[in-house]
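**Q** this is a predicted model, with the sequence first.
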Amino acid sequence: MAETGRLVGPVEVVGTGLVGTSVALACRRAGLEVLLSDRSDEHVRTASGLGAGRARRPDDRPQLVVVAVPPDALGPVITAALQASEAVVTDVGSIKARPLAHVLADPSAAGHAARYVGSHPMAGSEHSGPLAATATLFEGRPWAITPHPGADVAAVELVEDLVRVVGAVVAWLTPEEHDRAVARISHVPHLVSSLVAARLAGAPDNHLSLSGQGVRDVTRVAAGDPRLYGQIVSGNAAAVGELLVELRRDLDAMIEAIGADQRGDLEQLLEVGVAGTRAIPGKHGAPATATVSVFVTVPDHPGELARLLADAVASEVNVEDIRIDHDTSRPTGLVELVVDERSGERLLVSLESRGWVTHR
């Protein structure tokens with residue numbers, strides 16, 4: 001096996017969709033040679049045209065192979081990659097236990113399993129395909145590395161090098177723990193988002209005209225490819241099923257509390273939800289801090305948003321987050337500036353002194 005523990009390339013990316021092409025672009029940005037493979041020659045040509053690398057040739061000898069294919073294909077493609085060369089193989093799939101089980105169960109691949117180290121970047125979007133890719137997709141994002149007990153230490157170190165090269169932050173989990181974690185923070189939220197979004201399909205126009213940022217936030221991820229997410233959830237059925245049973249129990253309790261006008265029970269359920277939002281880590285992984293939102297009416301004209309942000313900077317207040325809700329009936333937008341609760345009043349006063357229409 002080629003020397004590992006220091007990523008020098010070439011890196012082969014198998015699967016040139018959003019994530020695979022983004023991995024390739026980030027590796028090229030770091031100066032690594034990248035080889036591209038995909039069942040779709042058109043995707044390879046598109047990714048190559050974006051500067052993500054070149055098509056793999058039969059005589060190429062990659063140091064690391066990154067498998068970025070849909071969940072149903074992970075096991076067979078990982079196995080084929082282990083058999084095709086002496087490279088270390090990782091994958092970026094959102095399920096980890098099932099592909100590993102496939103590798104270990106295949107007699108032709110099990111002997112090479114020490115060169116396989118699963119991984120998963122917690123980054124993406126509701127868009128797909130190479131044209132949606134970007135070299136900065138993984139900047140500052142968690143990237144789980146999930147080595148199995150038989151993984152070679154040098155292979156694990158090489159995958160860790162990849163994570164650092166693309167600008168992500170390493171998170172260490174076992175394959176089983178990873179699958180439980182993503183069921184909780186990704187797969188079940190996606191399913192719930194889809195169910196909420198389904199209530200909007202066919203809704204009367206006068207209902208939809210009231211739509212604001214809240215419903216957009218809740219339903220954004222529901223726009224993802226149903227076929228892809230069907231594969232993801234099916235591949236993590238046990239962990240997802242356990243959480244859905246818990247969710248059903250709470251939903252039944254909520255329905256009962258609402259129907260019986262048991263406001264105390266309802267508020268208790270809502271308080272647990274508030275506690276859950278506070279449990280999500282804040283920036284740089286620190287505990288979430290209390291924030292407030294300052295809303296500003298912004299004319300939908302070129303340069304107005306830039307002027308608002310410049311005035312926020314002049315207020316010497318650090319903006320933690322920003323959201324924009326467009327008014328469907330007027331040429332204005334409502335910009336939400338999220339700041340530390342100690343800074344909210346100062347930002348409000350400062351922006352009003354500069355002529356902005358604000359409220360909390």
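**A** Done, it's in.
**Q** okay, CA-based contacts and neighbour counts for the rest of this
**A** Will do.
**Q** would you map the helices across the stretch 101-250 of the chain?
**A** For the stretch 101-250 of the chain, helices defined by DSSP state H, counting those that start in this stretch occupy the ranges 107-110, 153-165, 175-182, 188-198, 205-208, 213-219, 226-235, 237-259.
**Q** find the nearest non-adjacent residue to residue 114, please.
**A** What sits nearest to residue 114 in space, not counting adjacent residues and going by Cα to Cα, 6 or more residues apart in numbering, is residue 151, at 4.1 Å.
**Q** touching, the one you found and residue 116? I think so.
**A** Yes: in this structure, residue 151 is within contact of residue 116 by Cα atoms under 8 Å, at 6.5 Å.
**Q** more neighbours, these two?
**A** Here residue 151 and residue 116 are set side by side on neighbour count (other Cα atoms under 10 Å), and the busier one is residue 116, at 29 against 17.
**Q** for residue 163, see how far away that one is.
**A** Distance, residue 116 to residue 163, by Cα to Cα, to the nearest Å: 15 Å.
**Q** outside of stretch 293-311, which residues touch it?
**A** Contacts of stretch 293-311 from elsewhere in the structure, counted by Cα atoms under 8 Å, 6 or more residues apart in numbering, are 331-339, 344, 347-348, 351, 354, 356-360.
**Q** and with 10 Å instead?
**A** The contact list for stretch 293-311, computed with Cα atoms under 10 Å, 6 or more residues apart in numbering, reads 312-315, 317, 319-327, 330-341, 344-345, 347-348, 350-352, 354, 356-360.
**Q** with stretch 234-251 instead?
**A** 71-72, 94-99, 176-177, 179-184, 186-188, 191-192, 229, 231, 233, 253-254, 256-257, 269.
**Q** list only buried entries from those.
**A** Members of these that pass the buried threshold by neighbour count (16 or more other Cα atoms under 10 Å) are listed as 71-72, 94-99, 176, 179-180, 182-184, 187-188, 191-192, 229, 231, 233, 254, 257, 269.
**Q** look up how far residue 49 lies from residue 72.
**A** Spatial separation of residue 72 from residue 49 under the definition Cα to Cα is 28 Å.
**Q** actually, residue 202.
**A** 41 Å.
**Q** which one's more surrounded, those two?
**A** Using other Cα under 10 Å as the criterion, residue 202 and residue 49 rank with residue 49 on top: 12 against 8.
**Q** which ones are touching the more buried one?
**A** For residue 49, the contacting residues are 43, 131, by Cα under 10 Å, 6+ apart.
**Q** same question for residue 16.
**A** With contacts defined as Cα under 10 Å, 6+ apart, the neighbours of residue 16 are 22-24, 36-48, 52, 67-69, 129-131, 133.
**Q** so which of those belong to strands?
**A** The members of those that map onto strands under DSSP state E are 36, 37, 67.
**Q** tally of neighbours for the first one?
**A** This means residue 36. The local packing of residue 36 (other Cα under 10 Å) involves 27 other residues.
**Q** what's near enough to touch the residue nearest to it when sequence neighbours are not counted?
**A** Setting aside the residues directly before and after it, residue 36 is nearest to residue 55 in space (Cα to Cα, 6+ apart), at 4.7 Å. Taking Cα under 10 Å, 6+ apart as the criterion, residue 55 is in contact with 12, 13, 34, 35, 36, 37, 38, 41, 44, 45, 47, 48.
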